[in-house]
Every structure is written in structure tokens, then in C-alpha cells.
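Participant: Just the structure for this:
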Amino acid sequence: MERSRRVGVGSLHGLGVVCGLAAGVWLGAAEAPTKLVTEGFSPFAISLCMVAGVFTARWTFPTLLKGTSYVFADLLAKKHLIVWAVLAGALWAVANTLTVFAIRDVGLATAFPLWNTNSLIGLLWGRLLFRELQGAGAKNIAKVVAGGVLIVAAAIMLGFSTIHGAGPAAPHAVQGLIAAAGASLMWGTMYVPYRKAYLSGMNPLSFVTAFTVGELGTMLVLTWTLDGGIKSSAFQLVQSRQVLFWLFLGGFVWVVGDLFQQFAMKYLGIGRGIPLSNTNQLWGLAWGALVFGELAGAGRGHMLLVVSGSVLMILGALAISTAVAGARETTSRNAALERECDRYGLEYREVLLAQSGDEFGGRAERRRWWDVAIVVVATGFFVWLAANAVVPRLAMHFAWIAALGAVLVVALAGAGWALYRQTRFS
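Facilitator: Next up, the predicted model:
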């Protein structure tokens, strides 16, 4: 028998905020392994191997948390969304490859803030296509818009400080800046399929399972056509098990962050969820500056920009996190949900319950033997790669790695428990 429980709007907003901030912590750490691009491998090779790690993790987490029976039943109930998931995966793959070019040409601390302007692009798409913030009070609109602008302004400030810091300019800085801007456009547009899926009641764990097909397929095509085909350095990298583990690890970390981001967008929408997850700029800066020493030798003016930008970003996140949707805005969201139901012949009440994280017992979550096999094989593969891994020849501060790693664990435990307690990952 189906067991349902109403979850209040304020409670869902708080859950979305927790997920968005946890996403920022994990997404901020995910790009650190791409520093291996300095080892001579092409950005395509780095991105392909990272996506392979993403593919492995994206299938593992849904299987572990819900089971394949649940996931495929959800996909088959909303077949029209599969093509949207594949499209989102393709956009992600292109954006991720551009970020590797950006990191190579201008560094992690500079690239992060530039591609994080995707929050404004996402805010625009959310307003135009899904009427987000319609019916919201002037105070909430001001909080969301001002918060998003503050986060983007802070990101640009941090990037500017890095570009004009001590040391010579990168020889391909313009290319790196263009790549980061392209990644911002791709990622800002990628959230359109996400929001469409969650307005139709699809579980984020189901969506990302189909998502992987688009991202891995696109990366294979990009690598083959633009990176020399069979001569691509990706084939050399695949044989370098000592570094391959770190790229798979980067993909794994990205998946954890992206799953939290997906739940944040489901419960907050694009306009609120994406800027919150883009606080990963702070954590990306921490990894770049504290672990890899990218801001070494910065002057007083340089550090003032860094501190000021960080404070602005925190204020922006605080503004968004306090903008709880009111009754009129919730009614407007439900109207958008009803339009999706009418367009695709979905049951409005079921979709509304799923949108509210209230689908307990509505679909079988029984684990099959192949679910166990998927998790065991994926885990064994990571262990095998780890056994052959060698610490990259990069200057790193291991004490800061331990400290930031502890933050990752705390964020995972806190947000994961909140999701399980309130929605059972629905």
C-alpha cells in the first residue's frame, strides 16, 4: 500500500538549500584531478577518462540507493524525458571538456569563477521557460536576483584578481577565458532538461542514469574526431593506470556533487538551486590556492580582492537561502507542472507528490542480484585502479588535502541524511 507524507514548502526549501550547499563543496573538489592536464595529456583525453569515471559512478549510486527496477520503471513511465536526459549529458560533456582547456590555459582558480556565471544563464532560462519567480513577492525576487548577481560578481572578482596577480600571464589566456565562457553557456543551458524532468516528477537518480549515455557518447565522438582518432593521447592515458585512478576519482566526486545539485534544483528550481551550488567557487578556490598554491606570491591588493569576492559570494548564498517561496509562487509552479502533465498525458496528483518528495512505496525498490553485481564490480574497479595509482608529480599540500577531505565527508553525511530522512531520496 502506498504510504505518503506531506512535506511542507519551508521544509523542502531548507532541504534544497542543504543540498545546494553540499553540491558546492563536492563540485568544488571535482576539478582538482584535472590538474593532470599538465602531465602532457590532451584535454580531450582528460575529459574522456573523467567522464568514464562519471559513467561508472552515475550507474552505481542509483543502483545502490533505489535499485535498477525502480530506475527503469521511472524512465519507462516518462519515456519522453529520456531524449532530454541524453541531450543534457551531451551538453555536460562539451562543457566539461571546455573546463579542462580553461584549467590548462588559465588555471583552476581563474577558470572556476568564469564558468560559474552559468547561474545567471540558468536564472534567465528558468524565468523564460518555466516562469520561475512568477507570483513571488518583491522581497523574494530581490533576494534571488541580488543573490545570483552577487555570486556572479564575486566569481568575476576572484577571477580578475587571479588574472592580474603576481607572475607572468599565461600564453593562451584568451583561449582559456573563451573556453570558460563557453562552459558557462553550455552548463547554464543544460539545466533546462533538468528542470523539465523534475516538473514531470522524474527522480534525479533516474534522470542521471540516462544522462550518462549522452555524456559518454559525446565524449567518445569528440575525442575520436577532434583529438586524432586512434592517435589520441586518450589511448595512452587508458594504459597509464597510475594516473587513471585520479581522473576516475574526479568523476566520482563530481557525481556526488551533481546529485546534490539535482535535488537542490528539484526542490528550489533553477534560479535558486544553481547559484547555491555555484558556491563551489569558494571550494574550488580553496583547492587551487591551498592545495596547489595557485595564489602564491599574491600582493595585498590581490588578496583584498580574493577576500572581498569570497564575502560577496557568502552574502549572495545567504540571500538566496532565505528566499522561501510563498503561496502565489507555489501556485505558479504547480501551474507549470500541470502544463507538463497536460502536454505528456501524466497524472497530475502523482507528479505533484513526486515533485514534493512524497512517493514513498509508490514504486518497487527491491534489489536484484544484478544490482549487487553492479555495485561490487564498480567498487572493485575503483579498488583495482587505486592499487595501481601513483601520486602525480605536482606540488601539493597534503595537510590541506586532509582538511578539505574532512569537509567533504561532513557535507556528504549531513545532506545525505537530510535527503533520506525527508524524502528517501525521492
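Participant: and stretch 176-184, C-alpha only, in CSV?
Facilitator: Output of stretch 176-184 as CSV, limited to C-alpha atoms (Å, rounded to 0.1, in the frame of the first residue of the first chain):
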residue,chain,number,x,y,z
GLY,A,176,41.3,29.8,-21.7
LEU,A,177,38.9,32.6,-21.0
ILE,A,178,36.8,31.8,-24.1
ALA,A,179,36.7,28.1,-23.1
ALA,A,180,35.5,29.0,-19.6
ALA,A,181,32.8,31.3,-21.1
GLY,A,182,31.7,28.5,-23.4
ALA,A,183,31.4,26.1,-20.5
SER,A,184,29.3,28.7,-18.7
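Participant: hmm, who's touching it?
Facilitator: Under the criterion CB atoms under 8 Å, 6 or more residues apart in numbering, residues 94-96, 98-99, 101-106, 110-111, 114-118, 121, 170 lie in contact with stretch 176-184. All C-beta atoms are positioned from the backbone trio N, CA, C, and that covers glycine.
Participant: From those, list the buried ones, please.
Facilitator: Among the contacts of stretch 176-184, the ones that count as buried by 16 or more other CB atoms under 10 Å are 94-96, 98-99, 101-106, 110-111, 114-118, 121, 170.
Participant: List the ones among these that fall in strands.
Facilitator: Among the buried ones among the contacts of stretch 176-184, no member is found in strands (DSSP state E).
Participant: Just name the shakiest helix or strand of the chain by mean pLDDT.
Facilitator: helix 108-115 (a mean of 70; mean pLDDT, DSSP states H and E).
Participant: Roughly how far does Gly380 sit from Ala57?
Facilitator: Separation of Gly380 from Ala57 (CB to CB, to the nearest Å): 14 Å.
Participant: Run a quick neighbour tally on Leu237.
Facilitator: Counted with other CB atoms under 10 Å, the neighbours of Leu237 add up to 22.
Participant: That one contacts Met50, correct?
Facilitator: No - using CB atoms under 8 Å as the test, Leu237 is too far from Met50 to be in contact (10.5 Å).
Participant: Are there residues contacting both of these two? Which ones?
Facilitator: Leu247.
Participant: Quick check: the gap between the nearest residue to Asn118 once chain neighbours are set aside and Ala95.
Facilitator: Distances taken as CB to CB, 6 or more residues apart in numbering place Gly188 nearest to Asn118, at 3.8 Å, with adjacent residues excluded. Look at Gly188 and Ala95: by CB to CB, they are 9 Å apart.
Participant: Out of the buried ones among the contacts of stretch 176-184, name the ones that lie in helices.
Facilitator: Taking DSSP state H, the ones among the buried ones among the contacts of stretch 176-184 that sit in helices are 94-96, 98-99, 101-106, 110-111, 114-115, 118, 121.
Participant: tell me the secondary structure for the residue nearest to Asn118?
Facilitator: helix (DSSP: H, G, I helix; E, B strand; the rest coil).
Participant: Could you do the one 4 residues further on as well?
Facilitator: Assigned state for Val192: helix (three-state reduction, three-state DSSP).
Participant: pLDDT value on it, please?
Facilitator: In this model, Val192 is scored at 88, pLDDT.
Participant: so where's the stretch 151-300 of the chain shaky on pLDDT?
Facilitator: 158-172, 297-299 (pLDDT under 70).
Participant: show me the contacts for Leu124.
Facilitator: Per CB under 8 Å, 6+ apart, neighbours of Leu124: Gly188.
Participant: which stretch of helix or strand covers it?
Facilitator: helix 118-130 (DSSP states H and E).
Participant: hang on, the earlier thing: so for Gly380 and Ala57, which residue has more residues nearby?
Facilitator: Each of Gly380 and Ala57 has its neighbours counted (other CB under 10 Å); Ala57 has more, 24 against 10.
Participant: Would you confirm that that one contacts Gly251?
Facilitator: Yes - in this structure, Ala57 is within contact of Gly251 by CB under 8 Å, at 6.1 Å.
Participant: that older thread, pull the CA coordinates from the helix holding Leu124 and hand them back as PDB.
Facilitator: The C-alpha coordinates for helix 118-130 follow below in PDB (Å, rounded to 0.1, in the frame of the first residue of the first chain):
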ATOM      1  CA  ASN A 118      26.200  29.900 -15.700                       C
ATOM      2  CA  SER A 119      23.900  30.700 -12.700                       C
ATOM      3  CA  LEU A 120      22.600  33.900 -14.400                       C
ATOM      4  CA  ILE A 121      22.100  31.900 -17.700                       C
ATOM      5  CA  GLY A 122      20.100  29.300 -15.700                       C
ATOM      6  CA  LEU A 123      18.100  32.100 -13.900                       C
ATOM      7  CA  LEU A 124      17.200  33.500 -17.300                       C
ATOM      8  CA  TRP A 125      16.100  30.200 -18.700                       C
ATOM      9  CA  GLY A 126      14.100  29.400 -15.600                       C
ATOM     10  CA  ARG A 127      12.200  32.600 -15.800                       C
ATOM     11  CA  LEU A 128      11.500  32.400 -19.600                       C
ATOM     12  CA  LEU A 129      10.700  28.700 -19.900                       C
ATOM     13  CA  PHE A 130       9.300  27.700 -16.600                       C
END
